[in-house]
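Q: Need a 3D model of the following:
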Amino acid sequence: MKPKYGTVKRHKELLRIAYYYPVLILTGEIDESIEKAFFDFAMEAPTGYYYGFEGSILQLPNDFCLKEASRYLSAVELYCAYPNRHCKEKLKPVADWLNANRNANGTWDMGAGVKDGTYFPLSDSWKTVEAREKDCTYRIEKIMSSLA
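A: Below you'll find the model as predicted:
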């Protein structure tokens, strides 16, 4: 008889602890020392977390103006929700990377290539550079305030 919902082999990604949903659900719900160990494990996982960003969060994207960088920021947003101070310290290189990618006027622009229909655009249209810059700056300022 064929299994109703597939096999463990077929759905092995659902068993990973660094999967999107456990990372999301466990935010602020586990003991601080366990949370620290979990956070370290999830951040250092070379495969990243399934259903989100693929790769270690400790490896910063090479190019700030690609969809991959936007996906990376989505993972950072997820991890920023952890209240543990250790989590914020581990993400300090992300804040440095974001600051290094500011425009001369102190804002951020990830370029038109990050438009994915999920995270960007936030506004109705990116027909102007100003609208795109405003959206990118809004998202990154929220991340920066979470990291502070």
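Q: Contacts only, for residue 121.
A: Neighbouring residues of residue 121 by C-beta atoms under 8 Å, 6 or more residues apart in numbering: 115, 131-132, 135. Heads up, the C-betas are built off the backbone N, CA and C, glycines and all.
Q: What of residue 135?
A: Counted by C-beta under 8 Å, 6+ apart, residue 135 has contacts 120-123, 126.
Q: Tell me how far it lies from residue 101.
A: Noted for residue 135: a distance of 15 Å to residue 101, by C-beta to C-beta, to the nearest Å.
Q: what's the answer for residue 55, then?
A: With distances taken as C-beta to C-beta, residue 55 is found 18 Å from residue 101.
Q: One more: residue 60?
A: Residue 60 is 10 Å from residue 101, where distance means C-beta to C-beta.
Q: again, but for residue 84
A: Distance, residue 84 to residue 101, by C-beta to C-beta: 26 Å.
Q: Would you point out which residue is most central in the chain?
A: What sits nearest the mean C-alpha location of the chain, by C-alpha atoms, centre = their mean, is residue 75, with 1.6 Å.
Q: in this protein, which spans are helices?
A: 20-25, 32-44, 67-80, 85-90, 92-100, 129-147 (DSSP state H).
Q: distance between the ends of stretch 90-107?
A: Criterion C-alpha to C-alpha, to the nearest Å; first-to-last residue distance in stretch 90-107 is 24 Å.
Q: Please shift the residue numbers so they start at 7 in all later answers.
A: Happy to do that; since the first residue is 7 now, the last one works out to stretch 96-113.
Q: For it, buried residues please.
A: Neighbour-count burial for stretch 96-113, counted by 16 or more other C-beta atoms under 10 Å, picks out 96-97, 100-101, 104, 107.
Q: and these, which two are the farthest apart?
A: The most widely separated members of the buried residues of stretch 96-113, counting by C-beta to C-beta, are 96 and 107 (19.4 Å).
Q: Run through this protein and note the low-pLDDT ranges.
A: 7-26, 53-59 (pLDDT under 70).
Q: Run through who's touching stretch 89-96.
A: 33-34, 38, 41-42, 45-46, 49, 64, 85-86, 88, 153.
Q: what comes up buried for it?
A: Using 16+ other C-beta under 10 Å as the test for burial, stretch 89-96 gives 90, 93-94, 96.
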